[in-house]
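Participant: sequence and predicted structure, then a few things I'm wondering about:
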Amino acid sequence: MSKRVCIYAKDVSTLLGKSYKQAVRILATIKAAYGKRCDQYVTIEEFASYTGIDLATVQAQCWS
């Protein structure tokens, strides 16, 4: 089983209980905070660090 490195808006929506559109905005905010371009991805580690959510919790949600 291959484990992904990046997090998608659907994952963010499920983890945070937000709408898909709000999850897209959250990812855009994280990209801006890390100085990423629009075409770059947010890693699971970056998301966990930015939100303060435990990495294992985020990984469990994304890999389930």
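Facilitator: Thanks, I have the structure now.

Participant: what residues sit buried inside stretch 19-33?
Facilitator: Neighbour counts over stretch 19-33 (16 or more other C-beta atoms under 10 Å) mark 23, 24, 26, 27, 30, 31 as buried. Using the backbone N, CA and C atoms, a C-beta is placed for each residue, glycine as well.

Participant: got those as a markdown table, with distance to residue 17 columns?
Facilitator: As requested, these are arranged in a markdown table below (distance: C-beta to C-beta, whole Å):
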| residue | distance to residue 17 |
| --- | --- |
| 23 | 10 |
| 24 | 15 |
| 26 | 12 |
| 27 | 15 |
| 30 | 17 |
| 31 | 21 |
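
Participant: which one of those is nearest to residue 47?
Facilitator: Nearest to residue 47 among the buried residues of stretch 19-33, counting by C-beta to C-beta, is residue 30 at 6.3 Å.

Participant: next helix or strand past the helix or strand hosting the closest one?
Facilitator: Applying DSSP states H and E as the criterion places residue 30 in helix 20-33. Per DSSP H and E, the first helix or strand lying C-terminal to helix 20-33 is helix 44-51.
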